[in-house]
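# would you be able to build a 3D model of this:
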Amino acid sequence: MSRLAPSLYVPIAARDTRAIETYVGAIVQRRGRGPRDNALVVEAHEPEAPDFRMAIWTLPAATVLHHPRQLWVHVDFASYRRAYAQAFPGVDLSGYVLDHVMNRRVARLKGFGYLRIVPISRAANSSHGGLSEGWAVTGHSSAAMRERNRLSKASVQYADLADIVKMLSMEGGGGVMDNVNAAQRLVAVPDQL
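As a prediction, the model looks like this:
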């Protein structure tokens with residue numbers, strides 16, 4: 001697989017609020033208790049222009065990827081559904097779950113303090129979590145990866161194709177990551193197929 005196009009660089013995890021302000025956008029609301037900001041409403045920086053030759057940009061759900069207003073929460077914050085409803089009062093969340101794009105256990109192992117929250121369909125949520133997140137937890141729990149993550153200077157993590165599929169509320173498919181594999185066609189430029 002080749003790398004994703006710059007228009008698909010979607011931040012999903014950040015080390016701290018400084019990283020959010022640098023790589024995601026301006027923090028316009030902060031909610032928290034004590035010294036920690038639990039929930040942050042962020043007005044996102046202007047993203048790279050989409051390459052409309054890619055099929056992904058024809059999907060109405062693709063607007064979630066670079067939504068101009070985003071909710072980011074501390075990895076240990078539990079009341080993110082209420083925070084989302086306050087940040088987006090007009091959004092009907094029936095039929096949706098709010099999900100951290102990156103698994104919280106993985107975020108902790110990688111040293112990320114803040115995660116992006118997005119609404120995804122219940123069906124997509126139940127078909128994504130277990131397999132790929134289990135692989136990530138196992139992989140990042142090894143001694144070698146713990147040390148690598150400790151030394152990492154990465155301020156943010158961008159979505160991979162599996163994360164993008166999840167954000168688009170696409171179900172995981174019948175086999176091992178079938179829809180993620182099929183999604184390769186969504187992000188390819190036609191002459192590269």
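
# what about the strands in the protein?
11-14, 25-33, 36-44, 69-74, 96-100, 114-121, 156-158 (DSSP state E).

# buried residues in the shortest one?
Judged by neighbour count (16 or more other Cβ atoms under 10 Å), strand 156-158 contains these buried residues: 156-157. For glycine as for every other residue, the C-beta is placed from the backbone atoms N, C-alpha and C.

# and that strand, which strands flank it?
strand 11-14 (antiparallel) (DSSP bridges).

# what is the rounded mean pLDDT of stretch 98-110?
For stretch 98-110, mean pLDDT is 92.

# and of the strands of the chain, who's closest to Phe88?
strand 69-74 (7.4 Å; Cβ to Cβ).

# how close does Leu40 sit to Gly111?
18 Å (Cβ to Cβ, to the nearest Å).

# higher neighbour count, those two?
Of the pair Leu40 and Gly111, Leu40 is the one with more neighbours under other Cβ atoms under 10 Å, namely 27 against 16.

# rewinding a little: can I get the strands of the chain in a markdown table with distance to Arg53?
Shown next, in a markdown table, are the strands of the chain (distance: least, Cβ to Cβ, whole Å):
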| stretch | distance to Arg53 |
| --- | --- |
| strand 11-14 | 24 |
| strand 25-33 | 27 |
| strand 36-44 | 23 |
| strand 69-74 | 26 |
| strand 96-100 | 29 |
| strand 114-121 | 25 |
| strand 156-158 | 21 |
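
# I am finished for the moment; much appreciated.
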